[in-house]
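**Student:** Sharing a model prediction with you, sequence too.
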Amino acid sequence: RGSGAPQLEMALSLRPTFVLVHIGGNDVLGAVLSGVAIEGVTLTPTSTVQACYHQIMASIAAVGAKAAVATFPNRVAEAPYANAVKPYVTLSNGTKLYLTGQKGDGSTIQLTDRDYLGLAAGAYIQAGYGLPAGVGNGQPLPNSVVIDRDEVAAIEARADAIHAIIRSEANAAGAAIVEEGAFFHSLYASPLKIGGMSLGT
């Protein structure tokens, strides 16, 4: 620490006998947090992930350590950040009024259950954004808080591609695979009941 050495080099300098590799989620998380899916900016290119993951696994093998790798939640709907604020408001009569949002190209869309909102959308909705004039201010929610269906597809496709890289590199290195992504999927579908509490994503 303090040497300026990369994290992997520092970790392996300790001559570990076992290493857990849990990376990849942050390579798509930027797109979820920013509401913008841009190759090489908020989505790490698969070629970069492939090269880095291969180097990591080779470096672990070179010190003779055993390893386990983990996948990550790979569905936008299962990310608590992206499903805390719904793409609609519920009116006093119980009906849902779906909000409008801005896409990356500046166009406006009517949101559906296939679109998601970041946490910051809550403050915009309270200020009247996303709601028609008369109910709100008539302005769409800004793109920075909208994860539209096209962005969802791009994020999930990249997450799936990274999962494929993780599994392939793990299998080639003889490492165990912890399917955390599948675990989160099961929690989303059916929360655990523990001590009278429901524990979901």
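**Tutor:** Okay, I see it.

**Student:** residue contacts, the residue nearest to Ala170 when sequence neighbours are not counted?
**Tutor:** Spatial nearest neighbour of Ala170, excluding adjacent residues (C-beta to C-beta, 6 or more residues apart in numbering): Val69 at 4.5 Å. To be clear about C-beta, it is placed using only N, CA and C from the backbone, and glycine gets the same treatment. Applying C-beta atoms under 8 Å, 6 or more residues apart in numbering, one finds that Val69 lies in contact with Leu20, Val21, His22, Met57, Ile166, Glu169, Ala170, Ala175, Ala176, Ile177, Val178.

**Student:** can we see that at 10 Å?
**Tutor:** Neighbour list for Val69: 19-24, 53, 56-57, 60, 166-167, 169-171, 173, 175-178, 180 [criterion: C-beta atoms under 10 Å, 6 or more residues apart in numbering].

**Student:** Wait, a strand at it?
**Tutor:** Yes. Counting by DSSP: H, G, I helix; E, B strand; the rest coil, Val69 is found in a strand.

**Student:** how much space between it and Gly174?
**Tutor:** 11 Å (C-beta to C-beta, to the nearest Å).

**Student:** Overlap of the contact sets of those two?
**Tutor:** Met57.

**Student:** what sits opposite the residue nearest to Ala170 in the beta ladder?
**Tutor:** Applying DSSP bridges to Val69 gives these bridge partners: Val21, Ile177.

**Student:** coming back round to it: from the contacts of Val69, list the buried ones, please.
**Tutor:** With burial judged by 16 or more other C-beta atoms under 10 Å, the buried subset of the contacts of Val69 is 19, 21, 23-24, 53, 56-57, 60, 166, 169-170, 173, 175, 178, 180.

**Student:** any idea which of those residues is closest to Ile147?
**Tutor:** If you rank those by distance to Ile147 using C-beta to C-beta, Gly24 comes first, at 18.8 Å.

**Student:** Return the residue of this protein that is most distant from the centre.
**Tutor:** Distance from the C-alpha centroid of the chain peaks at Gly134, with 35.2 Å (C-alpha atoms, centre = their mean).

**Student:** Identify the residues contacting Gln172.
**Tutor:** Wrong residue type there; residue 172 is Ala, not Gln. Contacts of Ala172 (C-beta under 10 Å, 6+ apart): His54, Met57, Ala58, Ala61.

**Student:** Likewise for Ala164?
**Tutor:** By C-beta under 10 Å, 6+ apart, the neighbours of Ala164 are Thr46, Val49, Gln50.

**Student:** For the residue nearest the centre of the chain, pull up the helix or strand it's in.
**Tutor:** With distances taken as C-alpha atoms, centre = their mean, the chain has Leu29 as the residue nearest its mean C-alpha position (4.1 Å). Secondary structure assignment for Leu29, by DSSP states H and E: helix 26-34.

**Student:** Next: Gly106.
**Tutor:** For Gly106, there is no host helix or strand (DSSP H and E).

**Student:** Isn't it up against Val146?
**Tutor:** No. The pair Gly106 / Val146 is not scored as a contact, 12.0 Å apart, by C-beta atoms under 10 Å.

**Student:** Please enumerate the shared neighbours of those two.
**Tutor:** Residues touching both Gly106 and Val146 by C-beta under 10 Å, 6+ apart: Pro140.
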